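Participant: I would like to see how this sequence folds:
(2 chains)
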Amino acid sequence: MSETENKQLLRRYYEEVLMQGRLDVLETIARADYVEHNPFPGHGQGLEGLRQRVNTLRTGLKQQFTLEHLIAEGDKVAVLWTTRGTQVGEFLGLPPSGKSYTIQGIDIHQLRDGRMAEHWDVVDMYGFLIQLGVVPAPSGAPA
Amino acid sequence: MTLERNRTSILRFFRDVIGAGNLDLLDELAVADYEDHVALPGQGSGREGLKLRVAKIRAAFQPRHELHDVIVDADRVAVHWTLSGVHSAEFLGLTATRKQVEFDGVDIYTMRDGRMAAHWNVVDMWAFYRQVGGPTHK
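Facilitator: Just a heads-up that it's a prediction; the model follows:
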């Protein structure tokens, strides 16, 4: 697959799976042996682990993703996204707060044979926890 | 080739500028009107602001960056790294704790004529604050 096709495949993940909740699409765009390098606590690996991850995200958070940058080289794609969301359910041990937030994250996706194969990410969890009111903003630092 | 030129510039930035402190090299590696979308407080604008940023990060962490990925597109680069160092000077309002820190980040640069032109990033500051005993749960 070309780099353009790889980017297109990733767009389907954010739009159809994460935002529309079409978990069946994962069978088409992700590999059975999918490897998550930053799993949520207690989550498994493979396609089932990825379903679990999407379920956890969609149950806890109602999110609208904007893809700001997609950078592809070979079978790797980096995605910088902004998400505007609301915590509508329990999420990673945090009781539903109803609070809204805007944060950014960057995903690194490794594709193989035209499907999502591995994933790493760095997400602004600190900004997320501050906006949810779980931790205070440090004095002197920008929120 | 543009891709290789972009890659070389970014690798030199991490090795020679952030790693070795050769700030003057930025005159070659970054455009004068460099635009930082995640500027530190007081960083200032342009390439001169970038020099201040690098000096501040070097003083704050004595950092060593392990690069996991350098992904190069036609006019952009993404760099996924792990920084390890010692929190040695004030950073974002936190005075030096002398604690060992290790956290991940991804930088994204747009490139112009092989030079760094604009910058965004996401850094795992939550890991940093936990490691230095920063803000705890309310």
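Participant: what about the residue in chain B that chain A sits nearest to, how many residues nearby?
Facilitator: Nearest to chain A, among the residues of chain B, is B:G93, at 2.5 Å (C-beta to the nearest C-beta). In this view, the C-beta of every residue, glycine as well, is placed from N, C-alpha and C. By other C-beta atoms under 10 Å in any protein chain shown, the residues close to B:G93 number 13.
Participant: kindly report the same for A:T66.
Facilitator: Using other C-beta under 10 Å, A:T66 has 12 neighbouring residues.
Participant: quick one: the helices in chain A?
Facilitator: Assigned helices in chain A, in chain order: A:3-12, A:26-29, A:46-60, A:125-131 (criterion: DSSP state H).
Participant: residues in contact with the last one?
Facilitator: What it means is helix A:125-131. For helix A:125-131, the external contacting residues (C-beta atoms under 8 Å, 6 or more residues apart in numbering or on different chains) are A:99-104, A:135-137, A:143, B:124-126, B:129.
Participant: how distant is it from the center of its chain?
Facilitator: Its chain's average C-alpha position is 15 Å from that of helix A:125-131, according to C-alpha atoms, centre = their mean, to the nearest Å.
Participant: need the CA coordinates for it. PDB is fine.
Facilitator: Output in PDB follows, covering the C-alpha atoms of helix A:125-131 (Å, rounded to 0.1, in the frame of the first residue of the first chain):
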ATOM      1  CA  MET A 125      -3.000  12.900  30.100                       C
ATOM      2  CA  TYR A 126      -1.900  15.700  32.400                       C
ATOM      3  CA  GLY A 127      -4.100  18.200  30.600                       C
ATOM      4  CA  PHE A 128      -6.900  15.700  30.600                       C
ATOM      5  CA  LEU A 129      -6.700  15.200  34.400                       C
ATOM      6  CA  ILE A 130      -6.500  18.900  35.100                       C
ATOM      7  CA  GLN A 131      -9.500  19.600  32.900                       C
END
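Participant: mind checking the pLDDT average for it?
Facilitator: Across helix A:125-131, pLDDT averages out at 96.
Participant: just the longest one next, same as before
Facilitator: Taken as a whole, helix A:46-60 has an average pLDDT of 98.
Participant: where does chain B have low pLDDT?
Facilitator: For chain B, the stretches with pLDDT under 70 are B:134-138.
Participant: how far off centre is the strand ranked longest in chain B?
Facilitator: Using DSSP state E to define each element, chain B has its longest strand at strand B:100-112. On the basis of C-alpha atoms, centre = their mean, the separation between the geometric centre of strand B:100-112 and that of its chain is 5 Å.
Participant: whichever helix or strand comes after it: which residues count as buried?
Facilitator: Following strand B:100-112 in sequence order, the next helix or strand is strand B:115-123 (DSSP states H and E). Counting neighbours by 16 or more other C-beta atoms under 10 Å in any protein chain shown, one finds that the buried residues in strand B:115-123 are B:115-123.
Participant: repeat that for stretch B:91-102.
Facilitator: In stretch B:91-102, residues buried by neighbour count (16+ other C-beta under 10 Å) are B:91-92, B:94, B:101.
Participant: good, wrapping up.
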